[in-house]
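Asker: have a look; sequence and predicted model below, questions after that.
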Amino acid sequence: NYLAITSLFFLVTASIAYLLLAEAGQFARASVAAIVIAAFLALPDYFMFSTLAIETGNYDSFPGMFWMMLGRGLSAYLLITLVKAGFENSTAVFSIPSYPQVFFHGLTIPLIAGGAKLFAGLALLLLFAWAYLLKQMDVDFFHKLFQEPWFILPFLGAIGGLSIALMRGQQSVLNALRFVLLLFCRILMVITALFTVTLLLVLATKGVGVVFDRPYPSMWMMGLAIAGMLIFNGVYQNGEAGPPPIWLRIPTLITLIGFPVYALLAFYAFGLRIEEYGLTPTRIVGIAINGLVAGYSLICLAGLITELNWRGKIWMPLVGPLNILMAGLWVVVLFLLATPILNPWAMSAQSQYNQIAQQKTAAEEFDFGYLRFKLGRHGDHALDKMLKLTDHPEADAIQSGISRARSAENYWSYKNQFDAPVTEPN
């Protein structure tokens, strides 16, 4: 089944990539590029689908959900954007993309995709409304037909393709939407700068405890940094213009100063949890994303350094090419997180084993069930290794905890049918 699902995703991705890449006279290279992009994404697709299908219920599903809901779409978007920009040079099959083209297509493709989804959703809504109306008239053939996967999946594909084609033809609408988005970023930049100043003052007067005393501090810090990154790029635009007006330039510099603060606070929050509870798949993904956010702080620093030349004709000239490198780095990291190279379940199992082997967590408080029911065969392997810790001061408690985990039918049973305290690694 997971091979069939992977094949289906491959076909859908290749079709969408082709529709977004194809231009007059570029159909051949658009086809090749679309197939390459789809094949690239099929590798982590297969790994995630096959891993979660081997032992259903015995794996933490977060890595798979993250890949399918965010990582895959973001990787496809960045790849299509970079390839589309590289196609702009008509004298070569592919050329190194320039940042103005990357920015233009990076801003346009989401607008096309969003409009296409709107068109496709409306078409599907009308289709089922029509089928429902006919069913009320005792004509249920179409209602039954629309439930069949062999019909509805190709139909949705056709509607989606037509919707993308329609949106690509609405250049006046796309121009208006681009203008509104960029204008909105300028307004938000001033608000973001005020928020950054306020937050920095609060941290300076009350300490970082005001952040870490709240739930999910690392998530909030990364969210602020990513939001600031998107707003900054909306203000920076394609990198060919001169500095903006002073009322916008100063807030932008203030916002850039806040980037490393957010990244460091998020890293510190992750470090506290990992030191106490070890790695989990969720934390591994979070650390990787936070690393990318921290990497963008270097781009911000490069931009701030170029501001020493206050009267430069081009504003922050280093940001554009560094943005292209950062886009490629995002693709690489997201890809690795969904492959055996950075297997989040295996890395978590090893980390949890170290929590016991290095006596960082008491055996009576350790969640052996997490390894048994959330880390699959990697967790089972870690439990086997723990059984060999015969010279461990808590060897008896370790063996007892492992027996409890392996005698339980599921994670809920392990957590609720025994009286011994358990500290969850999450």
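Answerer: Perfect, thanks for sending it. The model shown is predicted, which means the values in this text are computed figures rather than measured ones. Residues are numbered from 1 along each chain as shown.
Asker: distance of Ser31 from Ala14?
Answerer: For Ser31, the distance to Ala14 equals 8 Å [C-beta to C-beta, to the nearest Å]. All C-beta atoms are positioned from the backbone trio N, CA, C, and that covers glycine.
Asker: burial count for Pro245?
Answerer: Other residues lying near Pro245 total 8 when counted by other C-beta atoms under 10 Å.
Asker: offset the numbering so it begins at 52, please.
Answerer: Got it, first residue is 52 now, which makes that one Pro296.
Asker: and the pLDDT at it?
Answerer: In this model, Pro296 is scored at 94, pLDDT.
Asker: just read off the phi/psi values of it.
Answerer: phi -60, psi 150 (degrees, to the nearest 10).
Asker: then the one 5 residues further on?
Answerer: When quoted as degrees, to the nearest 10, the phi and psi of Ile301 stand at phi -60, psi -50.
Asker: what's near enough to touch it?
Answerer: When contacts are counted by C-beta atoms under 8 Å, 6 or more residues apart in numbering, Ile301 touches Ala244.
Asker: next one: Glu358
Answerer: Leu304, Met367.
Asker: where's it relative to Ile305, distance?
Answerer: Glu358 is 12 Å from Ile305, by C-beta to C-beta.
Asker: for Trp366, same thing?
Answerer: 16 Å.
Asker: who's more crowded, those two?
Answerer: Applying other C-beta under 10 Å to Trp366 and Ile305 shows that Trp366 carries more neighbours, namely 21 against 18.
Asker: find the nearest non-adjacent residue to that one, please.
Answerer: Pro294 (4.4 Å; C-beta to C-beta, 6 or more residues apart in numbering).
Asker: low-confidence ranges in the protein?
Answerer: 75, 105-108, 140-145, 468-477 (pLDDT under 70).
Asker: how does it look with 80?
Answerer: Residues of the chain meeting the criterion pLDDT under 80: 52, 75-77, 104-108, 140-146, 190, 193-194, 196-208, 260-268, 468-477.
Asker: identify the single longest helix in it, thanks.
Answerer: helix 150-187 (DSSP state H).
Asker: ok, back up a step: list the contacts of the residue nearest to Trp366.
Answerer: By C-beta under 8 Å, 6+ apart, the contact list for Pro294 reads Arg300, Trp361, Gly363, Trp366.
Asker: follow-up on the earlier one: buried stuff in the longest helix of the chain?
Answerer: Neighbour counts using 16 or more other C-beta atoms under 10 Å place 150, 152-160, 162-164, 166-167, 170-171, 174-175, 178, 182 of helix 150-187 among the buried residues.
Asker: which helices and strands sit right next to whichever strand or helix holds Asp431?
Answerer: Assigned by DSSP states H and E, Asp431 belongs to helix 427-438. On a contact count with 3 or more C-beta pairs under 8 Å, 6 or more residues apart in numbering; DSSP states H and E, helix 427-438 meets helix 78-105, helix 395-408, helix 419-425, helix 446-458.
Asker: how about Leu59, what does it touch?
Answerer: With C-beta under 8 Å, 6+ apart, Leu59 has these contacts: Leu204.
Asker: again with Tyr319
Answerer: Here Tyr319 is in contact with Val259, Phe263 (C-beta under 8 Å, 6+ apart).
Asker: distance of it relative to Gly124?
Answerer: Distance from Tyr319 to Gly124, counting by C-beta to C-beta: 30 Å.
Asker: now render the contacts of Pro294 as a markdown table, adding distance to Ala448.
Answerer: Converted to a markdown table, those look like this (distance: C-beta to C-beta, whole Å):
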| residue | distance to Ala448 |
| --- | --- |
| Arg300 | 62 |
| Trp361 | 65 |
| Gly363 | 65 |
| Trp366 | 62 |
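Asker: list buried residues within those.
Answerer: Neighbour counting with 16+ other C-beta under 10 Å marks Arg300, Trp366 as buried within the contacts of Pro294.
Asker: which single one of the contacts of Pro294 is nearest to Met218?
Answerer: Trp366 (31.1 Å; C-beta to C-beta).
Asker: and that closest one, helix, strand or coil?
Answerer: Secondary structure assignment for Trp366 (DSSP: H, G, I helix; E, B strand; the rest coil): coil.
Asker: isn't it right next to Gln288, touching?
Answerer: No. The criterion here is C-beta atoms under 8 Å, and Trp366 misses it with Gln288 at 9.3 Å.
Asker: brilliant, that's me finished.
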